[in-house]
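Chemist: what follows is a predicted structure for the sequence shown.
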Amino acid sequence: MNKLLATLIAGLFATSVYAQTTAPRTANGLTAAPGTTVVGTTATGTTATGANGTGMTAASTGDAKADKDIAKANEKEAKEVAKQDEKIQKATGKATEKKTKAQQKADKKIADANEKVAKADPDNQAKASAKAEKKAADANYDAQKTMIKADEKAQKKVAGANAEKAKAHAKANEKKAEAMAEAHKDAAK
């Protein structure tokens with residue numbers, strides 16, 4: 001049980017770390033370096049400011065139609081990524097909420113059991129204490145079970161969303177490659 005919980009938590013952590021470290025994309029689809037902030041788009045490409053403050057300009061294809069198709073593919077990918085990121089955030093938020101409620105419910109059951117022990121007659125104190133321990137163990141087990149289910153459900157949604165993001169990225173790359181090929185074909189005429 002602990003190995004499963006550790007695996008789920010590690011997976012969630014790895015996913016969040018990956019999401020935070022992916023490089024930002026410039027307007028023309030080139031990946032900006034880590035620590036780079038995209039500043040704006042010029043007629044010849046996209047200018048970005050790196051971590052050291054220097055500007056980087058990505059070259060244009062020279063073909064307006066190809067540039068438009070590439071920008072369109074990047075925009076479509078960005079929308080899909082944003083949509084999937086929202087799904088991930090919603091799933092993890094819902095899981096956190098369920099886990100918090102489960103823990104609060106367990107804490108209340110344990111507090112109620114301990115209160116009964118405190119109110120018990122001295123003759124029945126040992127029996128009440130044993131009952132309270134069993135109730136506490138049951139409450140903790142139920143809470144852990146609920147937390148694991150919540151994490152499991154969130155992980156499925158996160159995995160699905162990440163798959164959709166990867167598909168969107170692959171599709172955008174395909175469209176960009178097609179646009180570049182068309183631009184090269186037109187240039188060769």
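Modeler: Nice, I can see it.
Chemist: following the chain onward from the helix or strand bottoming out on mean pLDDT in the chain, which element is next?
Modeler: Using mean pLDDT, DSSP states H and E, the weakest-scoring helix or strand in the chain turns out to be strand 55-57, at a mean of 35. Sequence-wise, the next helix or strand downstream of strand 55-57 (DSSP states H and E) is helix 64-119.
Chemist: now do that next one, average pLDDT.
Modeler: The average pLDDT for helix 64-119 rounds to 94.
Chemist: and the next helix or strand past that helix?
Modeler: Counting by DSSP H and E, what follows helix 64-119 is helix 125-188.
Chemist: show me what that following helix is packed up against.
Modeler: When contacts are defined as 3 or more C-beta pairs under 8 Å, 6 or more residues apart in numbering; DSSP states H and E, helix 125-188 packs onto helix 2-21, helix 64-119. All C-beta spots, glycine's among them, are computed from the backbone N, C-alpha and C.
Chemist: pick the most buried one from those.
Modeler: Comparing the helices and strands packed on helix 125-188 by mean neighbour count (mean count of other C-beta atoms under 10 Å), helix 64-119 comes out on top with a mean of 16.
Chemist: could you tell me the angle between that one and helix 125-188?
Modeler: In terms of direction (axes from the mean of the first three to the mean of the last three C-alpha atoms, to 10 degrees), helix 64-119 departs from helix 125-188 by 180 degrees.
Chemist: which elements pack onto helix 64-119?
Modeler: Using 3+ C-beta pairs under 8 Å, 6+ apart: helix 64-119 touches helix 2-21, helix 125-188.
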